[in-house]
Structure formats: structure tokens, C-alpha cells
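J.: Dropping a prediction and its sequence here:
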Amino acid sequence: MEAEADLLGMGQHCAMPDCKQLDFLPFKCDCCSRTYCLSHRTYTAHSCIKAGAKTLDVLPCPICAKGIHLRAGDDPNLVFDRHVSSSECDPANYARVMRKKRCPVPGCRQKLTTINNYTCKACQQTVCLKHRLDNDHACPGKSGAAVGLLSCLQDRGLLSCLQDRGLLSCLQ
């Protein structure tokens with residue numbers, strides 16, 4: 001019985017008169033300080049009368065790729081015209097922002113995105129997935145790492161053990 005009372009005391013009800021949903025992770029509006037459920041958390045969803053100056057939309061400029069801040073009640077066309085006529089709108093910025101990096105391996109034209117890139121742990125070079133192996137991107141760090149590993153194995157007397165078992169070919 002006591003456990004049920006604890007569960008009923010958790011969470012808060014949505015402040016919308018027609019909702020009153022019990023929400024265990026409620027949202028508090030930073031303008032009107034009332035508590036709302038997930039469905040009514042935005043200013044427009046609960047028709048917040050104090051949100052006026054806080055409402056902010058950002059439009060991407062098709063010329064320079066910068067964000068244009070649009071406040072409540074502003075005409076988007078006037079704000080865009082003001083941005084284009086200002087010194088902020090630089091068409092050269094669009095190429096810098098929108099240009100994707102390419103794989104640095106000679107002859108490879110693969111664009112590097114967040115999904116298809118690999119940063120080599122030996123040389124810190126970012127390449128495409130096709131060239132992720134040391135031999136594929138002429139990694140300068142591979143030879144030094146392999147030599148260091150071989151000398152370490154030799155110092156510990158393990159080099160002859162690996163040679164006897166035929167496991168040394170992967171390091172050379």
C-alpha cells in the first residue's frame with residue numbers, strides 16, 4: 001500500500017486544462033513557469049502568452065549558408081533582404097561550409113562524411129574506409145610501430161617462439 005502511494009506522488013500533471021496527463025518527466029516552460037507534458041512543451045503547443053520575445057526561428061541563407069535569426073512578428077522577406085544587403089552575407093562562405101573533405105590518397109575522390117571516414121591511429125590521417133589499412137594509405141607510422149614491436153619481442157625472447165610457430169609473417 002505504501003509503495004502505491006509513493007508512485008502516485010511522483011511526477012506532475014500537465015497544466016493544459018484538457019490534458020492533465022500525469023508525466024514522470026515533465027517540462028517546465030521558461031516563460032510562464034508552468035509544467036507540461038511532452039505534447040504540450042513548446043510555446044505554440046500550449047499557446048504561451050509570455051513567449052513573445054523568446055520565440056526564435058533560424059532560416060539558412062541559400063547564398064552564404066549562415067543562419068538568419070527571425071524573431072516573432074518579423075517578416076522573413078524583410079529580414080532576408082536586410083541580411084543580403086549587409087556585409088555579413090559572403091557568397092564565398094557557402095563553398096567553405098558546404099564543401100566536403102575528400103580522401104587524401106592519390107587517385108581517390110571519395111567524399112569523407114561522418115559515416116565513411118577513418119582516422120589512422122598511427123599517423124592521425126583521416127581517410128575513407130577503403131584506405132583504412134596501413135598499406136592502403138602509405139602510413140608512415142606503420143614501419144616505426146612494427147620495428148618497435150619486433151625489438152620488444154626480441155628483448156623478451158618471444159621472437160624465436162613466434163618464428164617457430166609461423167606467426168611472424170603478419171608483422172613483416
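T.: Ah, there it is. Residues are numbered from 1 along each chain as shown.

J.: The closest residue to residue 43 other than its chain neighbours: how many residues sit nearby?
T.: Spatial nearest neighbour of residue 43, excluding adjacent residues (Cβ to Cβ, 6 or more residues apart in numbering): residue 51 at 3.8 Å. In short, each C-beta sits where N, CA and C put it, glycine included. Using other Cβ atoms under 10 Å, residue 51 is surrounded by 17 other residues.

J.: any idea how far residue 94 is from residue 51?
T.: For residue 51, the distance to residue 94 (Cβ to Cβ, to the nearest Å) stands at 33 Å.

J.: For residue 96, give its distance to residue 83.
T.: Applying Cβ to Cβ, the value for residue 96 to residue 83 is 18 Å.

J.: higher neighbour count, those two?
T.: residue 83 (18 against 10).

J.: surely that one meets residue 77?
T.: No. Residue 83 lies out of contact with residue 77 (Cβ atoms under 8 Å); the separation is 10.8 Å.

J.: Pretty sure residue 81 sits in a strand.
T.: No. Counting by DSSP: H, G, I helix; E, B strand; the rest coil, residue 81 is not part of a strand but helix.
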